[in-house]
Each structure stands twice: as structure tokens, then as C-alpha cells.
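Trainee: Quick check, what structure comes out for this input:
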Amino acid sequence: MSIQISDKVSAAARRDILDLDQKINSFQSGSIADEAFRKFRLTRGVYGQRQPGVQMIRIKLPHGRITADQLIRIADLSDKYATGNLHATTRQDIQLHFVKLADSPRLWAELEDAGITLKEACGNTVRNVTGSARAGVDPDEPFDITPYAYAIFDYFLRNPICQDMGRKFKISVSSSEKDSAYGYMHDVGLVPRIRQNDDGTETRGFKVMLGGGLGAQPFPAQTAFEFLDEERVIPFIEGVIRVFDRYGERQKRHKARMKYLLNDIGLDELLRRVEDETPALKTKQFSVMSATTDVTDVDEQSTVSNDPHSTPSTSPVGVHSSLITHQHPLRHSSLKYDAWLKTNVFEQKQSGWYAVQLRVLLGDMHSDTARALAQVVKQYAADDIRVTVNQGYLLRFVRPEHLPAVFDALDALGLAEPGFDTTADITTCPGTDTCNLAISSSYGITRALETMMREEFPDIIYNNDIKIKISGCMNGCGQHSVANIGFHGSSLKNGAYVLPALQVLLGGGFNGKGEGLIADKVIKVPSKRGPDVLRSLLRDFETNAFEDEYYSDYYARQGKNYFYQLLKPLADLKTLIDSDYIDWDHTEAYVTEVGVGECASVLIDLVATTLTEAAEKLGWANEALADSRWADALYHAYNVFITSAKAGLMSRDVPTNTQHGIVNDFDRTFAGEADFHTEEGEFKTLVFSINKQEPSEAFARRFVAQAAQFHQAVETWRETRIALEGTPELHELVQAQDS
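Mentor: Take a look at the predicted model:
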């Protein structure tokens, strides 16, 4: 069935969609290796599930921003191609599960028609740029970071420098010093600041953090700049990515994140290498023109669809139930409504306007609910919905007199539960429900914990200090390492038997000084004892914490061993009962079923595959030349050199790793060979000339031509070698799934 692509879809997106369709056909016909196809589709947002034969589609929503019509489109497509569920993630994406591979290009085409992309939602690319959901309406923000977050997303989308990195790269932009986008756990984290100049003017800029990350070995980010002028932010990020691409680990996948490179070479050396990349940057200053005025400062009333010409009613700071009961004296005298106002509603920085936050269990929303929510937005709020980092939604520019009706509408949809982003509002990944890497159930334990808190700690919905986060494994999609109380899925052996377990982590998140902390691993317990663990922790805190003491400060005061001893009885395997061997949401005995990859092993000619990849990159370089995109052409050509050199080294059985290492090794291994006519140092000088000159037309044309010549030389050399030595040995290839 042919793909119908709307005229509204950009040429670049159209090409991506058709390319995905073609690659799927090649894969299904057996003409493309599993691993090559896996690598390709991940960068198109198509991700293998735990269940064979179906895919998770990750929809990339820059800083979580979405319109009502886009939400409707996603809901409709979930019905058409998936299960009717929309899963909001901690990276402000929306995921659809159980999609047939063959349907993914058509699904993508229908998303692009609504201005939504899948491009680079997964894979070794710059992932979705996250941003504070309150941006633009946050009373604490120095300025609206919304246009900056979008500009970063747009600048790096399809950018040649980040299409084939050693690992993924994550960027966040918080709206205030509270760092609600968790910049301290990102490769690049930005916090907005204003500098007062001597002449009385102000300059916008950002605090810049580098090298944070979660996973099995979490690292807090280091501060690169306390203040970096706004025009320098995007060029600086480009320099960082270029350095990461050039020097980052590529063979040992679990050591391939930017945090390890920073840890190995140190901040000063990293910044020096970034500075070395300056001549090659596409732009030395990048001004976000739309940011000269806050997006939401321009005629806020016109963004509200229910009455675009009226003005908001005046109201006191904070919404009081007396205002509401005047409208509905009986219906809204409930405790639930009062609690909802206190925990889910806040007055925006635009006086007289209110934002409403939606708590969504597990981040899952049915398509019917999503469509109904879109109608609520159209009637009562601005057409600017934000997916939040804790898997909820935020509605903006609601008038105080409409809050009762908004509550009614949301309550009917199950979206008016009080306690947004409180202890009661647990963040979780899908775990073993769909993820190939998960070890134990995340959804099941999340439901159990939330039920226990609702029944035994009803006032916990007012606690904004303790955040609970859960992941199905150590990789951290649920961000358990930056939780005050975190859990990740694991397993325990008891003799010949295995049971599902939870690793308990404590002391992460923010302390009373606003510092971001990484949690400690304290103890591992059977999963079914998770509610007992949380109950013990909460009761202990209630009993022994100082007044107004933050949980992470309490943890630091008591020390890790205190909590180990507190929870040790719950880890005692001598007291196991039969139900401990059954995971949450299951009835059968637990079996460890962790996937090691999405595909079976395949036999391929690795060198030939690598040279084909280099030829594809050469095609991109020539296309960039034709479009007068000189910087892009140069980076594609650089990758032609790298990939072709890698193929040559593989032919000599020389192991390859970083791009910098590949160049050095090729230079040394092939120096003086007639096929390449190089003296030692000549090849290295040629390839690394990319960051010694401005990206001019003359340089780009010369560099691309040299890359083409080199690629052809490697191909000819290999053909000669095959003629002399025979057909090369095929290699078995098995790769772990990307996360």
C-alpha cells in the first residue's frame, strides 16, 4: 500500500518517511542486516518492544509542547495503528505501543501532517530537548525559556554533527533556579539567568551544566559556566557535541555517554577541546529572535479560545474555595475540589490567569480521554498544552471563574486527582509491560504504592518535598537515581529459586539548598515488600525529621547505614512466602527474562557494510553542497573519512573505537602505502583540518572531493585484497538494544 503524504509535510520529512518505508521493505526481503536496520529505525523513533513483531513509536515533542489538535491526531493514530493508549514519558514525549513495523511510515506521515516528528526520538542522536512545563507562566522565571528550548531542538534536528554518535545526548532547559527540568542529570543542562550590566541594561544568559547522566553509574553534572550569554549557548552546545562525537567511546556501550568522557579528561580539557572546534562552527552566535519578548507576554487573551476578546477577571493571588463556591455552592464544597485547587492549580506570572496541572496515573491516557481533554482545552484554556517531566499535563491561561467547570470536566475524565507532582504522584517507566530490558514490573508496584499511600497517608498529596520514582531496571528511564525515594527493578536468588526484587535508593533529588543530588543504593528487597518499605520510610520520616526538614537533608543527617538497618528486616529471605515469588500484576511464578537485544545474531560482511555506510554519507555531503550548506557538507565529508578509515582498519583486524583513535590508527597503520600515498601524519592533518578553518564554500568543495577520493581508494584497496586473498570471513553480530 502506497504512503499518502500531505503537501504540508516538509521535503526533509517526506524523504525520511519514504526512506523508512524503503528500508523496511529491504529488511523484510532480507537485503539489509538486522543490526544496520535497527540502527536506522531507532533514529526514526521506531523501537523494538519486549513482545516480538511489534514496535514502540516514540513521538518527539520538543519541551513537551503540543496543541489540542495535535493531541487529537495522536489519539486518532493510536486507535488506528496502536492500542488506543498514549504514554507520556519523563522526557516529555508520547509513546504508542504495539505498532506493526510496516505501519510506522504511514503513522509518521500522518503525524508530520500535524507538525509532529519521530526523527531522532531514539538512537545515538540528540534526543528530545526537555524544558520546564511551567515555562512562560512560571512566577519564578527570569524570562520564558520556551523559544530557547525550541531553537535548540530545531538547530540539532537532522544536524550532521549528531546523526551517528557513540551514544545518545540529552539536553534540558529549566525555567528557574529550581531546576525543575533536572539539568543536573543531563549531558547539557541550562538554567536561565539575567546579568545586570554596568550601564544599567540587562543581558539574558544561562547557567550551563555538563556531563550529568543516570543509568547504572549516575553522575551529577559539572558547572561549565555560571553565566553564558544567550547568543553563545547553541554554538557552545554544538562544540560540545562535536567533541563528544570525536572523542567519545564507541565500543563499550555502557561507557559511551558524555559523562564518562568528561570524567576521563576533566572539565578544563573538555572546554579547551570545545574551544578548538570554534572555527568550524556553522555560526559563532545564535540569536533566538522570538525570545526578545516572552511568548506569553504578547496578548495572552488572544491565546484563549473560549472568549478571545474578553479580559481576565481580577482575583487575589491564589485561588480560594470561596470564589468557587460562589459559582457552584453545593457541587464544589468537597474536600477533593479544595485539595485539587491547592495541589494542582497555581496562579501564573500573568496576574489573574491560572494554570492547571493534570496528574496521570502511570503516564497513560486512553485516546477517548485525550480527545475529550483536547475539547476542554479548546473551551477553557490556551492552545498550548505541556507534557510534564513527571508524566502529567499542564493547561495554561484558565480564567478563575472557569476553574469549577474545568474541574468538573477533568473529574469526569479521571484527570482531577489532587496531588500533582507530590509524593503521591509516582513517576514510572513501563517496565516489563513492554520494555525488552526491564527486569521486574514497574506499573504493578506503582499502583500498589499509590494505593497504600492513598489509604494510609491521605495527606501525602500536600507533600512537595519527597518525590518517588521507579524504573524497571537500572537504566533509569523512570529517573530513580534523582528521586528522594527511588526503586529500580531487579531480582534475588533464594537457593534454586529466583524472585522479583526492588533496589531501594534514597537521598537523591533536591535538598533544602536547592542542590541536585544523586541517590545512594541502600538495600535490595523482594518486590512484594515494596509497600512495607515505603510505609516504614514515611513513618520514620514523620517521627524523626525536624520541622520543615527536606527528605534528602534528613537522609544525609541520619546516614546510609541508619536506613539500611531500618529496612534490613524486609530484606530477610528466611521469611519469604509463596506470593513473594510472583511479580506485581502477574499470577505465574517469576522468571527473569531480560532481553539482550532486539534481533537475532546475523552473519554479515562488516567491512562491506561499513563502506556502504560511508558511501551513503558521501551522498549526503554532495546534497549539502548542492544546497549551499557548507558546514553540513564538511561534517558529512568528515564522517566519510572516519567511516572509510574504519573499514580499512577492520580489514587489517585493527580494533576501532573513538573517531580520534580511528584517524590516528589509520594514519599509523597505512602510512607510506602506495594505495593511499600518505606519509605518517598526513592523513591525520587532512581529516582534522575540519576544525581549523571557517566552513566556506571553497573549503567544503575541496574537503568533500578529498573525502570522495579517499573512500574510492579504500574501496579499490579492499577489492584488490579480496582478489589476492579470497572472500573475507563473515562475522556474527549481536547488539544490545538502545535505551
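Trainee: tell me the domain boundaries of the chain?
Mentor: Segmentation of the chain into domains, based on automatic domain parsing, reads 11-112, 130-292, 299-412, 427-581, 602-733.
Trainee: Worst mean pLDDT among the ones you listed?
Mentor: Mean pLDDT is lowest for domain 299-412 out of the domains of the chain, coming in at a mean of 79.
Trainee: Give me the buried stretch members for the longest helix along the chain, please.
Mentor: Longest helix of the chain, by residue count under DSSP state H: helix 697-725. For helix 697-725, burial by neighbour count (16 or more other C-beta atoms under 10 Å) applies to 699-700, 703-704, 706-708, 710-711, 713-715, 717-718, 721. All C-beta spots, glycine's among them, are computed from the backbone N, C-alpha and C.
Trainee: just stretch 521-529 next, same as before
Mentor: Quick answer for stretch 521-529 (16+ other C-beta under 10 Å): V522, I523, K524, V525, P526, S527, K528, R529.
Trainee: Distance of G431 relative to D585?
Mentor: 9 Å (C-beta to C-beta, to the nearest Å).
Trainee: between the two, what contacts are shared?
Mentor: Listed contacts common to G431 and D585 are S441, Y443; contacts here mean C-beta atoms under 8 Å, 6 or more residues apart in numbering.
Trainee: Spatially, which two of the buried residues of stretch 521-529 are the most separated?
Mentor: Maximum pairwise distance among the buried residues of stretch 521-529 (C-beta to C-beta): 18.2 Å, between V522 and K528.
Trainee: Could you name the specific helix or strand carrying H87?
Mentor: strand 85-88 (DSSP states H and E).
Trainee: Leaving aside the residues adjacent along the chain, what's closest to E238?
Mentor: Nearest residue to E238 in three dimensions, chain neighbours excluded: L281, at 5.7 Å (C-beta to C-beta, 6 or more residues apart in numbering).
Trainee: residue boundaries of the strands in the stretch 251-400 of the chain?
Mentor: For the stretch 251-400 of the chain, the strands identified by DSSP state E, counting those that start in this stretch occupy 345-347, 354-358, 364-366, 385-387, 393-398, in order along the chain.
Trainee: before we move on, the earlier item: and the contacts of the strand holding H87?
Mentor: By C-beta under 8 Å, 6+ apart, the list of residues contacting strand 85-88 reads 74-75, 78, 94-97, 360, 362-367, 370, 387-388, 391-393, 430.
Trainee: The residue positioned nearest the centre of the chain: what's it in contact with?
Mentor: Taking C-alpha atoms, centre = their mean, the centroid of the chain lies closest to R91, which sits 4.2 Å from it. Listed by C-beta under 8 Å, 6+ apart, the contact set of R91 reads R127, N128, T130, K170, V389.
Trainee: Apply 6 Å and report the result again.
Mentor: N128, T130 (C-beta atoms under 6 Å, 6 or more residues apart in numbering).
Trainee: now do D585
Mentor: With contact taken as C-beta under 6 Å, 6+ apart, D585 is in contact with S441, G444.
Trainee: circling back to that earlier point, got the contact list for the helix or strand following the strand holding H87?
Mentor: Toward the C-terminus, strand 85-88 is succeeded by strand 94-99 as the next helix or strand (DSSP H and E). Residues outside strand 94-99 that contact it (C-beta under 6 Å, 6+ apart): 54-59, 74, 78, 81-83, 86-88, 434.
Trainee: What is the nearest of the residues you listed to D113?
Mentor: Once C-beta to C-beta is applied, the member of those that ends up nearest D113 is I74, at 11.9 Å.
Trainee: What values do phi and psi take at the closest one?
Mentor: phi -60, psi -40 (degrees, to the nearest 10).
Trainee: Over to F683. Which of the three states is it?
Mentor: helix (DSSP: H, G, I helix; E, B strand; the rest coil).
Trainee: Count the residues that sit near it.
Mentor: A total of 23 residues lie near F683 under the criterion other C-beta atoms under 10 Å.
Trainee: quick one, what contacts it?
Mentor: F666, D667.
Trainee: ok, now how distant is it from S644?
Mentor: For F683 relative to S644 (C-beta to C-beta), the value is 11 Å.
Trainee: Please apply the same query to L573.
Mentor: From L573 over to S644 (counting by C-beta to C-beta), the distance is 56 Å.
Trainee: Kindly report the same for E725.
Mentor: 20 Å.
Trainee: Please enumerate the helices of the stretch 301-450 of the chain.
Mentor: Counting by DSSP state H, counting those that start in this stretch, the stretch 301-450 of the chain has helices at residues 321-325, 335-344, 367-380, 403-412, 443-456.
Trainee: Distance to I265 and mean neighbour count added to those, as a markdown table?
Mentor: As requested, the helices of the stretch 301-450 of the chain are exported to a markdown table (distance: least, C-beta to C-beta, whole Å; neighbours: other C-beta atoms under 10 Å):
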| stretch | distance to I265 | mean neighbour count |
| --- | --- | --- |
| helix 321-325 | 57 | 16 |
| helix 335-344 | 45 | 19 |
| helix 367-380 | 46 | 19 |
| helix 403-412 | 50 | 19 |
| helix 443-456 | 39 | 19 |
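Trainee: these two touch, right, Q357 and R396?
Mentor: No. Here Q357 lies out of contact with R396, judged by C-beta atoms under 6 Å, at a distance of 10.2 Å.
Trainee: Tell me how many other residues crowd E226.
Mentor: Counted with other C-beta under 10 Å, E226 comes out at 12.
Trainee: Surely it is within a helix?
Mentor: No. E226: not assigned to a helix; according to three-state DSSP it is strand.
Trainee: still on that earlier bit, what about the residue nearest to E238, how many neighbours?
Mentor: 21.
Trainee: Just say helix, strand or coil for the residue lying closest to E275 once chain neighbours are set aside.
Mentor: Nearest non-adjacent residue to E275, counting by C-beta to C-beta, 6+ apart: G239, 7.4 Å away. Here G239 is recorded as helix under three-state DSSP.
Trainee: Going forward, count from 581.
Mentor: Sounds good: first residue 581 from here, last item G819.
Trainee: Could you report the separation of Y934 from V986?
Mentor: The value you get for Y934 to V986, if C-beta to C-beta is used, is 9 Å.
Trainee: Now do the shared contacts for those two.
Mentor: With C-beta under 6 Å, 6+ apart as the test, Y934 and V986 both reach V978.
Trainee: The stretch 1131-1280 of the chain: helices as residue ranges?
Mentor: 1131-1138, 1140-1147, 1186-1206, 1210-1231, 1239-1249, 1262-1267, 1277-1305.
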